[in-house]
Structures are given as C-alpha cells and as structure tokens.
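# can't give you the sequence, but here's the structure:
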C-alpha cells in the first residue's frame, strides 16, 4: 500500500478510537490490536502518530471503558520505544496515568507502572543525551 494510502487509512482508524459509538471504538481497537499482533503494521511505522497516543489515553475518559487491558498493552508495547515514550510524556501521560491508577485493578496498575517506568526512564535518557550535546 502506498505511504499516503497507509497514512489516510491509519489516521481513519485512529480517529475511530474516539468515536462516540462504543461498537465502532471497539472494532477500531480490535483492528489496531490485530494489525500489531499480526505485524501488518510495525511499532516503528506508527510511532510518529502522536494523535494515536492521545486517542489511546482518551479511551479511559469514556464511561466504563471496555478492554482497558488491551489499550494498556498497546501503550506498554509502544512505550518501550524512546520516541513513543517522549511523545507520551509530552502529552501529559505521566500525570494522566498517575490519576488513572486509583481506579484500576492491581493487575492493570502493574501495567500502568511499567508504562510509567518506560516513559520516565526513556524521557530522562533523552533529556540527558540532549543536555550533553
């Protein structure tokens, strides 16, 4: 698929993650998860989509959001990359996750802790390197 077509279709998928109709949001999330699991799209291909991180965080703003573990797993996977960690930090994910932890099960809290660890460790490494340069 040509790059422009990928950008357009992936941007559409991202926007559907925030759709007001839950069924559409769920289908978009399942599609994203399948594309990542089947390696139809690589983590590297989607790191540039800052809008994706925002939509994934906004998932938790809907009433009783389903599949929270799936969203956290996707964020966790992406947060292992320095660029994603930087983007997550820049959109306020640290504060968001610290506030979200209160309403989570212990298992989901552990995922959030891993995400926070990735964001903070990668962010500070990036900051240190840029201060040295």
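Great, that's in hand. Small disclaimer: the values here were computed from a predicted structure and weren't measured. Residues are numbered from 1 along each chain as shown.
# can you tell me the SS state at residue 99?
helix (DSSP: H, G, I helix; E, B strand; the rest coil).
# count the residues that sit near it.
If you count neighbours by other C-beta atoms under 10 Å, residue 99 ends up with 10. Any C-beta I mention is one placed from the backbone N, CA and C, and that applies to glycine too.
# might one say that residue 11 is in contact with residue 51?
Yes: under the criterion of C-beta atoms under 8 Å, residue 11 makes contact with residue 51 at 7.4 Å.
# more neighbours: the two, which one.
The neighbour count for residue 11 versus residue 51, taken as other C-beta under 10 Å, is higher for residue 51 (16 against 13).
# and that one, what does it touch?
With contacts defined as C-beta atoms under 8 Å, 6 or more residues apart in numbering, residue 51 is in contact with 11, 14, 15.
# name the helix or strand for it, please.
For residue 51, the element it lies in under DSSP states H and E is helix 50-58.
# by contact count, what packs against the helix or strand following that helix?
Of the helices and strands lying after helix 50-58 in sequence (DSSP H and E), the nearest is helix 68-79. Contact here means 3 or more C-beta pairs under 8 Å, 6 or more residues apart in numbering; DSSP states H and E; on that basis helix 68-79 packs against helix 22-37, helix 43-46, helix 50-58, helix 82-90, helix 106-132.
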